[in-house]
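Enquirer: Build me a model:
(one chain, ligands or ions: 1)
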Amino acid sequence: MVFARAPATSANLGSGFDTFGVALSHPADTVQVERAEETSIEVSGAGAQFIPTEPDKNVVGAVADALDAPAHIHIDKGVRPSSGLGSSAASAAAAAVALNALYDRGYSRADLVSVAAEGEAVVSGEAHADNVAPALLGGFTIVRSDDTTTSIDADLPLVACLPEVVVSTRDARGVVPDAVSMDDHVETVGNAATLTAGMCRSDADLVGRGMDDPVVTPARAELITGYEAVREAALDAGATGVSVSGAGPSILAVCREGQRRSVAARMVEAFADAGVGARAYQTRVGEGATVF
Ligand code: HSE
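Expert: Residues are numbered from 1 along each chain as shown. Predicted coordinates:
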């Protein structure tokens, strides 16, 4: 029997739509895998009632198939589905490292990124390695359009605020503009490069400045009740940058040391003022999936 843990992740960070991702130190999913003739799946924890257990409908079933590693798989969800915090990527990454160890397949973490991304594609119809890459590799990751991935170790305090609202990924992708102006392109490239330099230096100010995004975030913000007020509250409390986490509805704030508590409290309060319940994870850039 093998146990593994893989973290929640936040994709995009504003200027890196479908490209940037970051692993969070918590929350996380854990899986327990045991060899079996056929794959079977059990799910417990956050939002377990919304997750199918049929192997052909669950991301870990697709991962077990891709690794030719049938198993009884128990997933304990720490990452709520549809949170914008890479819930299915956390399960896929944890299952990938656990089954790789259980069957002694010897794949590298980089190999497992494509296995887990394929698993996501089987289940959701679209593969975005921008969540599975940080879930497996940890730190800050950059996924290019050809799926080659670079990871950078970074250490920054973060707050991920999860409101009790539902944003469908289909709607969140539906509002993404089809084209960008040259001005917006130039601004986005400058911001993305600034953010990357900030991650290399674990510099919260540079990262925060680089999160601004004139293209995707303004469209998606409309889908999250209270977004602007929550963003303003986080910045007022000292956050250096704020953006929609993945497809939403979570909102990610980058902080300097010692500011997470007040940023988290102000974000939850601003959601409450907008009539929306929310919880905030005081977290930081974390490591990728681990077998224990
Ligand atoms: N980059 C993806 C998006 C992440 O923002 O839609 C969610 O799969």
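Enquirer: quick one, longest helix in this protein?
Expert: For the chain, the helix with the greatest residue count under DSSP state H is helix 182-201.
Enquirer: Buried residues of the helix or strand just after that helix, list them for me.
Expert: On the C-terminal side of helix 182-201, the nearest following helix or strand under DSSP states H and E is helix 204-210. By 16 or more other CB atoms under 10 Å, the buried positions in helix 204-210 come out as 204, 206-210. Quick note: C-beta positions are derived from backbone N, CA and C, even for glycine.
Enquirer: nearest to the ligand, of those residues?
Expert: Set against the ligand, the nearest of the buried residues of helix 204-210 by CB to the nearest ligand atom is G210 (16.7 Å).
Enquirer: ok, which stretches of the stretch 51-200 of the chain are strands?
Expert: Secondary structure of the stretch 51-200 of the chain, counting by DSSP state E, counting those that start in this stretch: strands at 71-77, 140-143, 149-152, 157-163.
Enquirer: do you know which of those lies nearest the ligand?
Expert: Among these, the nearest to the ligand by CB to the nearest ligand atom is strand 140-143 (9.2 Å).
Enquirer: Packing partners of the closest one?
Expert: Under the contact criterion of 3 or more CB pairs under 8 Å, 6 or more residues apart in numbering; DSSP states H and E, strand 140-143 touches strand 20-35, helix 129-137, strand 149-152, helix 182-201.
Enquirer: Okay, now the sheet partners of that strand, with direction.
Expert: strand 20-35 (antiparallel), strand 149-152 (antiparallel) (DSSP bridges).
Enquirer: which residues touch stretch 256-265?
Expert: 157-159, 161, 204-205, 234, 237-240, 253, 255, 280-282 (CB atoms under 8 Å, 6 or more residues apart in numbering).
Enquirer: Buried ones in that stretch, by neighbour count?
Expert: 256, 259-260, 262-264.
Enquirer: Which of these fall in helices?
Expert: Judged by DSSP H, the buried residues of stretch 256-265 include 260, 262-264 as members of helices.
Enquirer: So A6, which state does it fall into?
Expert: What DSSP: H, G, I helix; E, B strand; the rest coil gives for A6 is strand.
Enquirer: Quick check: bridge partners of it?
Expert: For A6, the beta-bridge partners under DSSP bridges are D29.
Enquirer: thought it was touching A98?
Expert: No: counting by CB atoms under 8 Å, A6 sits too far from A98 to count as a contact (9.1 Å).
Enquirer: where do the contact lists of these two overlap?
Expert: Common contacts of A6 and A98, defined by CB under 8 Å, 6+ apart, comprise V31.
Enquirer: which ones are touching the nearest residue to N100 once chain neighbours are set aside?
Expert: Spatial nearest neighbour of N100, chain neighbours left out: Y107 (5.2 Å); criterion: CB to CB, 6 or more residues apart in numbering. By CB under 8 Å, 6+ apart, the contact list for Y107 reads 67, 100, 115.
Enquirer: Inside helices: which ones of the residues you listed?
Expert: Counting by DSSP H, the contacts of Y107 place 100, 115 in helices.
Enquirer: Out of the contacts of Y107, the closest to the ligand would be?
Expert: Comparing the contacts of Y107 against the ligand with CB to the nearest ligand atom places V115 closest, at 17.1 Å.
Enquirer: Now for that closest one, how many residues are close by?
Expert: Under the neighbour criterion other CB atoms under 10 Å, V115 is assigned a count of 23.
Enquirer: D111 too?
Expert: D111 has 15 neighbouring residues, counting by other CB under 10 Å.
Enquirer: Quick check: it vs the ligand, distance?
Expert: Counting by CB to the nearest ligand atom, to the nearest Å, the gap between D111 and the ligand amounts to 21 Å.
Enquirer: one step back: out of the strands paired with strand 140-143, which is the most enclosed?
Expert: strand 20-35 (a mean of 24; mean count of other CB atoms under 10 Å).
Enquirer: so A289 makes contact with P7?
Expert: Yes: if you go by CB under 8 Å, A289 and P7 touch, sitting 7.5 Å apart.
Enquirer: Tell me the residues that contact both of the two, please.
Expert: With contacts taken as CB under 8 Å, 6+ apart, A289 and P7 have A135 as neighbours in common.
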